[in-house]
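**Student:** next comes the sequence, and after it the predicted model I'd like to discuss.
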Amino acid sequence: MPVGFRVFLKRNLPPKELVESFRTIPAANIADCMGRHNAMIPEIRLMTKPGEVNMAGVALTVKTRCGDNLMIHQGLDMATEGDVLVIANEGGRNRSLLGEIMYRYAERKNMAGIVLDGPIRDALQISGGSVPLYATGSTPGGPYKEGPGEVNVPVSCGSVHVNPGDIIVGDPDGVIVIPRQDAEEVLEAVKAFQQNDRRKLQAAIDGTADRSWVMKQLEAKKCEFSDGVCG
């Protein structure tokens, strides 16, 4: 197969119930349980209205030439219910990669979401849609349809490595990538983390939080204090 212009029709997929388990877990909690890695850059933000639950689905990856959406169309045709189309665009920001027509097609297929490392157009029309969409912004400038590109290959999207079949979770904070082979271990860690996080939140609300760790940390790092004025 010619590297750079090819389509892999199959992916290794995680169990559906495992994917669904992440639907009610905040993306920030998931990131905290993966060494605070695997969160996409904040420029990739939610362009549709926030839902009552997370975007959670399986990555179907597309690598496209900057500002070209031929292979994104191919990815859309291959996507099925529960897929998240993850699109790497070589960091391009000058041309939109999809608009309302392609978005409505994704809605019709009941996809779990779309994540683009690039802009869209028809932002107002898409903003009220039912499929979560993350992008870097919008521009009226349209894409080319020439290729090359690849489908279902490893990509870098939002400064995070994504493999086909990885679990993609998004909420208003942004997008997190959970490697398929690590998903069960991450889920167990997040469950324990959430219990402790809820206790810390309640303590912050009712004023019983123990803040002594701040001074202990500063002393351990030998931070110096002065009773004078800087400058």
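**Tutor:** Yes, it's here.
**Student:** ok, the residue lying closest to Leu60 once chain neighbours are set aside - contacts?
**Tutor:** Here the nearest residue to Leu60 in space, its sequence neighbours aside, is Asp83; by C-beta to C-beta, 6 or more residues apart in numbering that works out to 4.6 Å. (Glycine included, C-beta is placed from N, CA and C.) Applying C-beta atoms under 8 Å, 6 or more residues apart in numbering to Asp83 gives the contacts 57-60, 111-112.
**Student:** the nearest residue to Phe5 once chain neighbours are set aside: how many residues sit nearby?
**Tutor:** The shortest distance from Phe5 to any non-neighbouring residue, by C-beta to C-beta, 6+ apart, is to Pro148 (3.7 Å). By other C-beta atoms under 10 Å, 15 other residues sit near Pro148.
**Student:** partners of the longest strand along the chain, with directions?
**Tutor:** Secondary structure assigned by DSSP state E gives strand 55-64 as the longest strand of the chain. Sheet pairing of strand 55-64 (DSSP bridges) gives strand 83-88 (parallel), strand 149-151 (antiparallel), strand 167-171 (antiparallel).
**Student:** Gly4: which of those is closest?
**Tutor:** strand 149-151 (6.6 Å; C-beta to C-beta).
**Student:** what does that closest one rub up against?
**Tutor:** 4-8, 60-65, 68, 70-72, 74-75, 78.
**Student:** switch the strands paired with strand 55-64 over to TSV; also include mean pLDDT.
**Tutor:** Output for these, formatted as TSV (pLDDT from 0 to 100):
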stretch	mean pLDDT
strand 83-88	98
strand 149-151	98
strand 167-171	98
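**Student:** buried ones in stretch 176-192?
**Tutor:** For stretch 176-192, a neighbour-count test (16 or more other C-beta atoms under 10 Å) marks 176-180, 183, 186-187, 189-190 as buried.
**Student:** rewinding a little: how close does the residue nearest to Leu60 sit to Pro179?
**Tutor:** Going from Asp83 to Pro179 by C-beta to C-beta, to the nearest Å gives 17 Å.
**Student:** how about the longest strand of the chain: buried residues?
**Tutor:** For strand 55-64, a neighbour-count test (16+ other C-beta under 10 Å) marks 55-64 as buried.
**Student:** from those residues, which two are the most distant?
**Tutor:** Across these, the longest distance by C-beta to C-beta is 24.0 Å; it joins Ala56 and Thr64.
**Student:** nearest spatial neighbour of Glu184, chain-adjacent residues omitted?
**Tutor:** Leu18 (6.5 Å).
**Student:** so after the one helix or strand that neighbour maps to, what's the next helix or strand?
**Tutor:** Using DSSP states H and E, Leu18 sits in helix 16-21. Heading C-terminal from helix 16-21, the first helix or strand you meet, by DSSP H and E, is helix 27-32.
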